[in-house]
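Trainee: pasted the sequence and its predicted model underneath.
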Amino acid sequence: MANVEELFLEGARLLTLKNFDQALEVFNQVLSLNPDYVKALEARAVIYLQKGEVDLAEEDLRCALKLEPENARIYYRLGQVYYRKKDLDQALELFNKAVELDPTYTASYMAISQVLRDKGLEEAADLELKKAITLYTELAKAKKIIDF
C-alpha cells in the first residue's frame, strides 16, 4: 500500500491534470489516513472551489488554518472562498493577512488589486497591481541570478 505522501503526490498529479473527481477520491483517502495533512486539506479545498462547493472548501481551509495558522497560502485560498461569496471586505482582510505573512506572495497582491477594483477603488487597485508586477519582476531576476 502506498504511504500518505505517495498518495498525496498521486492526488496532486491528478489535480494538475484537472481530473478533479479522481483527485478528490485520492485526497479523501489521504485524509482518512491522516486527517491533519494540511496539504491534502488545501488541495481538496481547491477542488471544491473548482466544483463550486464553496462551503466545503471553507470547511477544509478552516481546519488547515487551525493546524498551520501562519501559512499564507491558506489565508489566500480562504480569501478566494470569500471572494466567491462576494464578501469583499472579508476577502480583502484574508488576502492582506497572506501578504503580511509572506510579503513575496504575488498572487495575494493580484487578488487584493482585484478586490479593490471590484470595490471601485481604481487607484488603490493599480497600486497593488504595480506591487505584484514589481515583486514578480524582482523575484524573476533573483531566480536568474541564483540559477545562472
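Mentor: Yes, it's here.
Trainee: buried residues, the biggest helix by length in the chain. List them.
Mentor: Across the chain, the longest stretch assigned as helix under DSSP state H is helix 122-147. Buried residues in helix 122-147, counted by 16 or more other Cβ atoms under 10 Å: Ala125, Glu128, Leu129, Lys131, Ala132, Leu135. The C-beta positions use only the backbone N, C-alpha and C, and glycine is treated the same way.
Trainee: could you dump those residues into CSV and include distance to Asp21?
Mentor: As requested, the buried residues of helix 122-147 are arranged in CSV below (distance: Cβ to Cβ, whole Å):
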residue, distance to Asp21
Ala125, 36
Glu128, 35
Leu129, 35
Lys131, 37
Ala132, 33
Leu135, 36
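Trainee: residues contacting Ile74?
Mentor: The contact partners of Ile74, by Cβ atoms under 8 Å, 6 or more residues apart in numbering, come to Val38, Glu42, Leu61, Ala64, Leu65, Glu68.
Trainee: in helices, which of those appear?
Mentor: Val38, Glu42, Leu61, Ala64, Leu65.
Trainee: counting neighbours, which of those residues comes out on top?
Mentor: Leu61 (29 neighbours; other Cβ atoms under 10 Å).
Trainee: rounded mean pLDDT for the longest helix of the chain, please.
Mentor: Average pLDDT, helix 122-147: 81.
Trainee: counting by contacts, list what it packs against.
Mentor: Here helix 122-147 touches helix 106-118, going by 3 or more Cβ pairs under 8 Å, 6 or more residues apart in numbering; DSSP states H and E.
Trainee: how about the helix it packs on: buried residues?
Mentor: For helix 106-118, by 16+ other Cβ under 10 Å, it's Thr106, Ala107, Ser108, Tyr109, Met110, Ala111, Ile112, Ser113, Gln114, Val115, Leu116.
Trainee: ok, of those residues, which one's closest to Ala142?
Mentor: The closest of those to Ala142 turns out to be Thr106 (Cβ to Cβ; 12.7 Å).
Trainee: close enough to count as contact, the closest one and Ala132?
Mentor: Yes: the criterion here is Cβ atoms under 8 Å, and Thr106 meets it with Ala132 at 4.9 Å.
Trainee: check which helix or strand Val81 maps to.
Mentor: Under the criterion of DSSP states H and E, Val81 resides in helix 72-84.
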